[in-house]
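Please work out how this folds:
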Amino acid sequence: MIINRKCFILTVTLILFIGFNQPVFAQSNDIQKGQASWYGSQYHGKKTSSGERYNKNDMTAAHNTLPFGTKVKVTNLANNESVVVRINDRGPYVGERIIDVSEAAARKLHMRSQGIGDVKVEVLELPGDYDPANAGFYTIQTGTYRNAKNAQQLSQRLKAFDKDLPVELDEEQVNGRKVLRIRAGRFESRQQAEAFNELLEEEGLSGLVKEA
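Have a look, this model is predicted:
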C-alpha cells in the first residue's frame, strides 16, 4: 500500500511540474503603475516570504511576482518623491495594489499618513543569481554543506530516489565562507513542491520549499 501510494503521488507530481507553460519573465526595465500601501509595527520582526525577518526601518517591500532581492525604484505620483527598495516579501493581497513598502519607505514617499498612494514601480536591478529559466518556479532546498563530499552524497541519494529529478548543487559565499546548497525539483506551484517534499520526507530527504 505504501509503495503504491508513493508511486501514484510521484507520478502525478511529475506530470504536474513537467507539463506547464513558461511564465512571463521580469526584465530590468519593467515599469508598473498602480496603488501602493505600507506595513509597519504589526509585522515588525515577523518572518517574510523570503525567510528574512521584516524590519519596518529597512528599505524593503513586498511584491507578488518580482524575484526576491530585486531592487526597484518606487515613485509617489502625487509628489514625485521616490525611494529604492529591495523586494523580500510577497503581497499585497488587497484589490489592485501592486506593492507594499516598509514603514521607512512610506515615510520617505510621504504617504505614511494616507496609507495608500498612486505609484510607479521601476525595476532597477535583478538579483545576481536570477535565472529567467527558473522564474516563477518552486524548488526544495534539501541541504547546505561546507563539505563537498557530503553534498555530493546527498545529491546522489536524491538522484537514486528519482532519476528524472532535477538536482542542482550551487556554491555560495556566506559570511566569507564557501557553502554548497542543494536544490531539488522545479515545480510550477508551492502546492506541487510541498507534495513532492512529503515523498522525500518518507526517505529522510526532505527540505525547505522555496521560490526559485
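
Kindly report the domain assignment for the protein.
Structurally, the chain divides into domains by automatic domain parsing as follows: 2-21+136-211, 31-125.

Considering the ones you listed, which stretch scores lowest in mean pLDDT?
Sorting these by mean pLDDT places domain 2-21+136-211 lowest, at a mean of 78.

That domain: how far from the chain's middle?
16 Å (Cα atoms, centre = their mean, to the nearest Å).

Just say which of the domains of the chain is most tucked in.
The highest mean neighbour count among the domains of the chain, using mean count of other Cβ atoms under 10 Å, belongs to domain 31-125: a mean of 18. To be clear about C-beta, it is placed using only N, CA and C from the backbone, and glycine gets the same treatment.

and it, how far apart are its ends?
Its first and final residues considered, domain 31-125 spans 12 Å by Cα to Cα, to the nearest Å.

Begin at 20 from now on, thanks
Okay, using 20 as the starting number, the last item reads as domain 50-144.

The nearest residue to R196 once chain neighbours are set aside and V186: what is the separation?
With sequence-adjacent residues excluded and distances taken as Cβ to Cβ, 6 or more residues apart in numbering, R196 is closest to R165, at 6.8 Å. When distance is defined by Cβ to Cβ, to the nearest Å, R165 is 19 Å away from V186.

Ok, V91 next?
32 Å.

again, but for R72
Applying Cβ to Cβ to R72 and V186 gives a distance of 30 Å.

Could I get the phi/psi values of the residue nearest to R196?
R165 adopts backbone torsions of phi -100, psi -20, taken as degrees, to the nearest 10.

who touches it in this structure?
Counting by Cβ atoms under 8 Å, 6 or more residues apart in numbering, R165 makes contact with R196, K197, V198, L199.

Go ahead and confirm the third one touches T163.
Yes: counting by Cβ atoms under 8 Å, T163 is a contact partner of V198 at 5.6 Å.

What helix or strand is V93 located in?
Assessed by DSSP states H and E, V93 sits inside strand 90-95.

CA atoms only: put that strand into CSV for me.
Provided in CSV are the C-alpha atoms of strand 90-95 (Å, rounded to 0.1, in the frame of the first residue of the first chain):
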residue,chain,number,x,y,z
LYS,A,90,15.8,46.4,-6.4
VAL,A,91,13.1,48.7,-7.6
LYS,A,92,12.5,52.5,-7.6
VAL,A,93,9.1,53.5,-6.2
THR,A,94,7.9,57.0,-7.2
ASN,A,95,4.9,58.6,-5.5
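
next structured bit after that strand?
Next along from strand 90-95, by DSSP H and E: strand 101-108.
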